[in-house]
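[1] My questions are about this predicted structure, shown below with the sequence.
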Amino acid sequence: MAEGSGPLYMGFDLSTQQLKGICVDSNLELIYEAKVDFDEDMSKYGIQKGVLTNPAEGEVFAPPAMWLEAVNLVLDRLRDDGLDFSKVKGLSGAGMQHGTVFWTADAEHMLKNLDSSKTLVDQLEPGSKGERKGAFAHPMSPNWQDASTQKQCDAFDAHLGDAQTLADVTGSKAHHRFSGPQILRYRKKYPSHYEQTARISLVSSFLASVFLGKWAPIDISDVTGMNLWEIKKGEYNDALLELAAGGKDKVSKLKKKLGGTPESGGDAFGTISKYFIQRYGFPSDCQIIPFTGDNPSTILALPLRPSDAMVSLGTSTTFLMSTPQYRPDPAYHFMNHPTTPGLYMFMLCYKNGGLAREQIRDKFNGNGDKSWDKFNDTAVSTPPVSQKQASDDMRLGLYFPRPEIVPNLHEGQWRFSYTAKSGELKELSNDFVPDDARNIIESQMLSLRLRSASLVKSESHPATGKQLPPQPRRVYLVGGGSANPAIAKICGEVLGSVEGVFKLDIGGNACALGSAYKAVWGCERKPGQTFEDLIGSRWDEDQFVKKVADGYKEGVFETYGEAVKGFDKMEKLVLEREGEEYGKKSGGTAMVEGEDEEAHGAVAQSGIAESAKK
Ligand SMILES: Nc1ncnc2c1ncn2[C@@H]1O[C@H](COP(=O)(O)OP(=O)(O)O)[C@@H](O)[C@H]1O
Ligand SMILES: O=C(CO)[C@@H](O)[C@H](O)COP(=O)(O)O
């Protein structure tokens, strides 16, 4: 893409496996992109798929030191590609949600006084034995895949009465990965590290702090992924802070560690730190626009309307909508919209996305071949829910190679036949069959349709004017799996959509693009201009999105309507049998008030951190 003389804006995406950095111009055109792949570029940290694990306790975590190294590397790569940083007028970013970074009291001074001739990691995490001397009070950040906090989640759900009340107040019931339960566990497991923690950042505000050269606030959207923020009041909930902090008298200390959260998602946190001005040539007035979570940032990659849905097919699968309705329920999440007061982000998040599909693909290929051809051919030539004729039973399944979030269930596979007429379910043999190619995509999409039913509404067909059953206006696919035509086709058949299934066709990555667009909006908006208005006015529909599959198909959509009922029934049956709260049986070891603090392998994370650095 040719670079004009106008200003440039950068967006970053710090996700599980990569740090991506991109650059757009004021017309939203992508100009530069670069990435650091943690497994490829940072293997010395001992990570796999971007994380370290301690399976005995269900812990999944990653070292912030690695992310610091990645910041220098991604900027080096962009400079090598020709990016002239002096044109960058503003930048924003996104971080995988929920993860916490624990800074020492010295950290802010260190951030402010970085020597531009040295790397970030060499100055902020010089490596220490015993007493920690760098910027981090704890060397690891819990990852969103962590499942170690079942007991803390039970305490959170119970604290305000029940899971529904917690969802009403914070937008979500307690989840293993949410920062409140994670902070509670951290305080009990690493009491001295907790004491040394002067500031707790989320992954997004950690990255913003690095660019800002001082601690950046947690933004108005990412703060709703903590189980601590009272959405309707727009402030932390003291009762929940009391639980996390361990007493009424400790609330103000924890509040101080968390810092304030500004209401606006667009007002700059400040200008870029001198480290980046001196080392890379950023202009001194380059604005740091609030960094947010990766999912809130993804919905900013296009002017999403309330009746549209986004399906992100990455490592995880997420289903996202932007909506004025706030209808919290323990089954899903509501979060503050990152830019627009009065709108909320509706989200479903699954651990078993790409990996689960890859496992079935590998059964077809059987030899390490990563091609999707056989999987796709079989998926599209198998009839919906494997019914050769309408009187046949439907084939349904659950495919969870990893413990799942939605529903809260341990790993496993289950296959059933369902007779729609009688509502009868029969368990089938659990061996792979070629129908699994179609059935796994259907399974993932049926779960989305089941749980988003209350948010979609009836619209008329654009050509015939006929009133259609409730479904999204459009489905937008993003993430690695959006390249797959079979997934797109089956997605349209199951979820419907009045106008069809679309894919962002602007390269880069939706999440980083959303961040870059947020920077454009933060720097160029007129007073009072909404994100939707500014981005909508510059959005080139024909150039930026491509239709990849049809949506609503009469007959097929209704068949899947029957299948949703069977799917719901199957999930309930498996949950009842296998125990919904699997964490009570595994992974969720200890750490609520009154338990022994050091009796739980408290050195696990520190130990791994030290060995990984060698
Ligand atoms: N052609 C394809 N068909 C299906 N899945 C694909 C295809 N290409 C990539 N993927 C999947 O995309 C996933 C990675 O997506 P990506 O959005 O890059 O992940 P993340 O941002 O979560 O790290 C992988 O699990 C991979 O299986
Ligand atoms: O936990 C959630 C959302 O609640 C996940 O969606 C993470 O935010 C995913 O990060 P990546 O898959 O992009 O690494």
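    Noted; the coordinates are in hand. Ligands and ions are numbered 1, 2, ... in the order given.
[2] Mind checking what secondary structure the residue of the chain most remote from its centre has?
    Distance from the centre of the chain peaks at S391, with 40.4 Å (CA atoms, centre = their mean). For S391, the assignment made with DSSP: H, G, I helix; E, B strand; the rest coil gives coil.
[3] Tell me the buried residues in stretch 445-458?
    Neighbour counts over stretch 445-458 (16 or more other CB atoms under 10 Å) mark M445, L446, S447, L448, R449, L450, R451, S452, L455, V456 as buried. For the C-beta atoms, the positions are set from N, CA and C on the backbone; glycine is no exception.
[4] Hmm, I typed the wrong one, I wanted stretch 343-355.
    The neighbour-count check on stretch 343-355 (16+ other CB under 10 Å) flags L343, Y344, M345, F346, M347, L348, C349, Y350, K351, N352, G353, G354 as buried.
[5] cool, stretch 164-174 as well?
    So for stretch 164-174, counting by 16+ other CB under 10 Å, buried means T165, L166, A167, D168, V169, T170, G171, S172, K173, A174.
[6] go on, stretch 224-243?
    For stretch 224-243, by 16+ other CB under 10 Å, it's 224-231, 236-238, 240-243.
[7] same check, this time on stretch 78-85
    For stretch 78-85, the neighbour count (16+ other CB under 10 Å) marks L78, R79, L83, F85 as buried.
[8] now those in TSV, with pLDDT and distance to ligand 2?
    Formatted as TSV, these follow (pLDDT from 0 to 100; distance: CB to the nearest ligand atom, whole Å):
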residue	pLDDT	distance to ligand 2
L78	98	20
R79	98	25
L83	98	24
F85	98	26
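[9] Which strand residues bridge the nearest residue to N352 once chain neighbours are set aside?
    Using CB to CB, 6 or more residues apart in numbering and skipping residues adjacent in sequence, the residue nearest N352 is F400, 4.8 Å away. With DSSP bridges as the criterion, F400 is bridged to G412.
[10] and what of the one 4 residues further on?
    When bridges are assigned using DSSP bridges, the partners listed for E404 are L409.
[11] ok, now which ones touch it?
    By CB atoms under 8 Å, 6 or more residues apart in numbering, E404 lies in contact with Y350, K351, N352, H410, E411.
[12] phi, psi of the first one?
    Okay, so that is Y350. Phi and psi for Y350, reported as degrees, to the nearest 10, are phi -120, psi 140.
[13] do the same with E424
    Per-residue torsions, E424: phi -90, psi 140 (degrees, to the nearest 10).
[14] Look up phi and psi at the residue nearest to it when sequence neighbours are not counted.
    Residue nearest to E424 in three dimensions, not counting chain neighbours: Y418, with 7.3 Å by CB to CB, 6+ apart. Dihedral pair for Y418: phi -130, psi 130, per degrees, to the nearest 10.
[15] Tell me the pLDDT of Y418.
    As predicted, Y418 sits at a pLDDT of 98.
[16] ok, now which ones touch it?
    The contact partners of Y418, by CB under 8 Å, 6+ apart, come to V385, D393, M394, R395, L396, E424, L425, K426, A563, G566, K569, M570.
[17] Which ones among these map onto strands?
    Among the contacts of Y418, the residues falling in strands (DSSP state E) are M394, R395, L396, E424, L425, K426.
[18] beta partners for the fifth one?
    In this structure, L425 has beta-bridge partners Y418, where bridges are defined by DSSP bridges.
[19] My guess is it contacts L573. True?
    Yes - if you go by CB atoms under 8 Å, L425 and L573 touch, sitting 6.3 Å apart.
[20] check contacts around the residue in the stretch 1-150 of the chain that ligand 1 sits nearest to.
    At 4.2 Å from ligand 1, Q17 is the closest residue in the stretch 1-150 of the chain, using CB to the nearest ligand atom. Shown in contact with Q17 (CB under 8 Å, 6+ apart): D37, F38, D39, K49, G50, T315.
[21] Now it: closest residue in space, sequence neighbours ignored.
    G50 (4.0 Å).
[22] ok, the one you found touching A62?
    Yes - G50 lies in contact with A62 (CB under 8 Å); the separation is 6.2 Å.
[23] Return every residue with contacts to both of the two.
    Common contacts of G50 and A62 (CB under 8 Å, 6+ apart): T16, F38, N143.
[24] any idea which element I441 lies in?
    I441 is located in helix 436-452, with elements delineated by DSSP states H and E.
[25] still on that earlier bit, now render the buried residues of stretch 343-355 as TSV, adding pLDDT, secondary structure and distance to D154.
    Shown next, in TSV, are these (pLDDT from 0 to 100; DSSP: H, G, I helix; E, B strand; the rest coil; distance: CB to CB, whole Å):
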residue	pLDDT	secondary structure	distance to D154
L343	94	coil	32
Y344	96	strand	26
M345	97	strand	26
F346	96	strand	25
M347	97	strand	22
L348	96	strand	22
C349	93	strand	20
Y350	93	strand	22
K351	90	coil	20
N352	93	coil	23
G353	92	coil	27
G354	91	helix	30
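[26] Ligand 2 next: which of these are close?
    When contact is defined as CB under 6 Å from any ligand atom, these meet ligand 2 at C349.
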